[in-house]
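> starting from these lines, generate the structure:
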Amino acid sequence: MRAMPLRFDAANAHWRVTPLPALNPDQKDWLTRGGSLTAHLRALGRVVVRVTREAVDMPWSDEYAALGLAPRERAWVREIVLEVDGVPFVAAHSVTPLAASQGVWQAMRRLRTRPLAELLYSDSGVARSALVSRRVSARHPLYALAARESAAEPVHAPHAFVARRSVFERAGAPLLVTECMLPALWSRLASGPLTQETGVHLGRERGPLDHTASRAHHAPR
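This is a model prediction of the structure:
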């Protein structure tokens, strides 16, 4: 991982670097894992990226500061679901300033069903902020995305999901990635002990952006 100061920080009053104490060990583990989330999921089964939306839109209210955008400034938004063996495990929302989507991050517009990790973990010019996390209730727009993709009917969705986010920066341009873990992931992890063949704890990816929660260079507040 590059040792450099970052201009952008994903943390605020709600998104925190240290996971909430009430979360269980699996949740704390997956919320703080560095490297590619897609790679970690591949240890559990066959991963498919399903794109649900790509559009020019307004960022969410808690994204403007992390992207250095002015209020109501437009951005490029990509939303996808990561499915493991056909079951949705993660709903992800990525956003970058509109100008960056036509410049530094223009490859984001051409990914189609390829994972964003292909852009982020093969480029030594990309730096990453600390991973931050929070509980997401129905008052946050991410909740609707997660509830829609959960195996249960939306009316029976959990009271809150857990999610994480971080800012990737390349040539001074930010890309904010938010990943919401769905109930099927926790059910899979709770279904039995992990083995040498399937255990994600034994197959963590090592790379330039690994373990960012503990080793990332924090942006100045």
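
> direction included, what does the helix or strand in which Thr96 is found pair up with?
Per DSSP states H and E, Thr96 falls inside strand 87-97. Strand 87-97 pairs in its sheet with strand 75-84 (antiparallel), strand 173-181 (antiparallel), by DSSP bridges.

> bridged to Pro97, which residues?
Under DSSP bridges, the beta-bridge partners of Pro97 are Ala75.

> please tell me I have it right and it contacts Glu169.
No: Pro97 is beyond contact range of Glu169, at 11.7 Å (criterion: C-beta atoms under 8 Å). Yep, even glycine has a C-beta here, placed from its N, CA and C like the rest.

> where are the low-confidence patches of this structure?
The model of the chain has pLDDT under 70 over residues 1-5, 151-156, 192-221.

> list the buried residues for stretch 166-186?
Within stretch 166-186, the residues that count as buried by 16 or more other C-beta atoms under 10 Å are 166-170, 173-186.

> still on that earlier bit, tabulate the strands paired with strand 87-97 (JSON lines), appending distance to Val136.
Shown next, in JSON lines, are the strands paired with strand 87-97 (distance: least, C-beta to C-beta, whole Å):
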{"stretch": "strand 75-84", "distance to Val136": "14"}
{"stretch": "strand 173-181", "distance to Val136": "6"}
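
> who's in contact with the residue nearest in space to the middle of the chain?
Taking C-alpha atoms, centre = their mean, the centroid of the chain lies closest to Glu179, which sits 3.1 Å from it. The neighbours of Glu179, taking C-beta atoms under 8 Å, 6 or more residues apart in numbering as the test, are 37, 90-92, 163-165.

> check contacts around the residue lying closest to Glu118 once chain neighbours are set aside.
With sequence-adjacent residues excluded and distances taken as C-beta to C-beta, 6 or more residues apart in numbering, Glu118 is closest to Leu111, at 7.2 Å. Leu111 sits next to 78, 118-119 when contact means C-beta under 8 Å, 6+ apart.

> kindly recompute the last result at 10 Å.
Residues near Leu111 by C-beta atoms under 10 Å, 6 or more residues apart in numbering: 49, 51, 54, 78, 80, 94, 118-119.

> between which two of those residues is the distance greatest?
Glu54 and Glu118 (15.8 Å; C-beta to C-beta).

> give me the more crowded residue out of the two.
More crowded of Glu54 and Glu118, by other C-beta atoms under 10 Å: Glu54, with 17 against 13.

> next SSE after the helix or strand containing the more buried one?
Glu54 belongs to strand 47-57 when assigned by DSSP H and E. Per DSSP H and E, the first helix or strand lying C-terminal to strand 47-57 is helix 64-67.

> what comes into contact with that following helix?
Outside helix 64-67, the residues touching it (C-beta under 10 Å, 6+ apart) are 8-12, 15, 58-60, 70-73, 75, 95-97, 100, 129, 132, 165-167, 173-176, 178, 219.

> using PyMOL, define a selection of the buried residues within these.
To isolate the buried ones among the contacts of helix 64-67 in PyMOL, judged by 16+ other C-beta under 10 Å, type:
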select buried, resi 8+9+10+11+15+59+60+75+95+96+97+100+129+132+165+166+167+173+174+175+176+178+219
